[in-house]
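Trainee: missing the sequence, but the structure's below:
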């Protein structure tokens, strides 16, 4: 069965970016001229996703506003003859029958956020996209995964190699057989001590999962932090069918981190023909200023 639905867990408070995120959702932080959320939606669209499920909080109306129509702004741009800006604004919109907004009343973890989407997802395979993880690639990351998933079926997570000291920040694979860009998953460990990590292959925010994950999430108990972990539920699926880590082509930026967001802005600016020279000049001037200090 093809992957037609994607879940976007966007209910978090974004405390790493306070005070900026006091009134602006973290997912609306910009990289060059688009919010992280829009990059995530466009990646899903390029992969053939038809239904977009946003698990949000009661305090994030800006997300729905961005993805909906803005008649006053569109009229202003149309009256002013700003065709290119009008097209960019309309390009942000999702049809009302394709966008679903679900409320996670309490921040009970990624697993709980995914579980909140169970009724809309139904019994078919689905994708999960964490907008914090931005992937700059010729072929979008989720498109690569969907193409691989059509051959393998089962469950799949995107993985990257991380320094061993960073394994404590991720879900980490206990890897099995490697076949090209696919790595069989024999086990998963959530945020292991670097000395005990089974590998340096870490899961990032792209998943394709079977609907049976909802049964596992519904049976889970809360962890010591009062959260339901997606990694724990995925562990219960290992051995019941294909479960692979996918090594995608492209560069991942951790935009849940201040330095990662800054780096992404530079990289995405340099990737655009109309901005490349100016961005490069700004970076060089900043480097020269540091040298003079």
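Mentor: Great, that's in hand. Predicted model, so just to flag it, every value in this text is computed and none were measured.

Trainee: show me what the lengthiest helix in the chain is packed up against.
Mentor: Using DSSP state H, we find that the single longest helix of the chain is helix 276-292. With contacts taken as 3 or more CB pairs under 8 Å, 6 or more residues apart in numbering; DSSP states H and E, helix 276-292 sits against helix 258-270. In short, each C-beta sits where N, CA and C put it, glycine included.

Trainee: distance check, residue 163 against residue 170.
Mentor: Residue 163 sits 11 Å away from residue 170, going by CB to CB, to the nearest Å.

Trainee: which of these two has more neighbours?
Mentor: residue 170 (21 against 9; other CB atoms under 10 Å).

Trainee: how about the helices in the chain?
Mentor: 36-46, 61-67, 71-79, 83-90, 110-115, 118-121, 141-152, 213-219, 230-235, 258-270, 276-292.

Trainee: and the last one with helix 258-270, angle?
Mentor: Angle, helix 276-292 to helix 258-270, by axes from the mean of the first three to the mean of the last three CA atoms, to 10 degrees: 140 degrees.

Trainee: and the helices of the chain as JSON lines, adding mean pLDDT and distance to residue 176?
Mentor: Listed next are the helices of the chain as JSON lines, based on pLDDT from 0 to 100; distance: least, CB to CB, whole Å:
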{"stretch": "helix 36-46", "mean pLDDT": "96", "distance to residue 176": "28"}
{"stretch": "helix 61-67", "mean pLDDT": "87", "distance to residue 176": "38"}
{"stretch": "helix 71-79", "mean pLDDT": "85", "distance to residue 176": "52"}
{"stretch": "helix 83-90", "mean pLDDT": "86", "distance to residue 176": "45"}
{"stretch": "helix 110-115", "mean pLDDT": "93", "distance to residue 176": "24"}
{"stretch": "helix 118-121", "mean pLDDT": "96", "distance to residue 176": "28"}
{"stretch": "helix 141-152", "mean pLDDT": "96", "distance to residue 176": "14"}
{"stretch": "helix 213-219", "mean pLDDT": "91", "distance to residue 176": "20"}
{"stretch": "helix 230-235", "mean pLDDT": "91", "distance to residue 176": "14"}
{"stretch": "helix 258-270", "mean pLDDT": "96", "distance to residue 176": "30"}
{"stretch": "helix 276-292", "mean pLDDT": "89", "distance to residue 176": "42"}
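
Trainee: hang on, the earlier thing: how about residues contacting the longest helix of the chain?
Mentor: Outside helix 276-292, the residues that touch it by CB atoms under 8 Å, 6 or more residues apart in numbering are 266, 269, 270.

Trainee: filter those residues down to the buried ones.
Mentor: Neighbour-count burial (16 or more other CB atoms under 10 Å) applied to the contacts of helix 276-292 gives 266, 269, 270.

Trainee: got the domain ranges for the chain?
Mentor: Domains of the chain are assigned by automatic domain parsing as 5-160+179-186+204-256, 257-293.

Trainee: indicate which one of the ones you listed is closest to residue 194.
Mentor: domain 5-160+179-186+204-256 (15.9 Å; CB to CB).

Trainee: what's the offset of the closest one from the middle of its chain?
Mentor: Relative to its parent chain, domain 5-160+179-186+204-256 has a centroid offset of 5 Å by CA atoms, centre = their mean, to the nearest Å.

Trainee: fine by me, we can end here.
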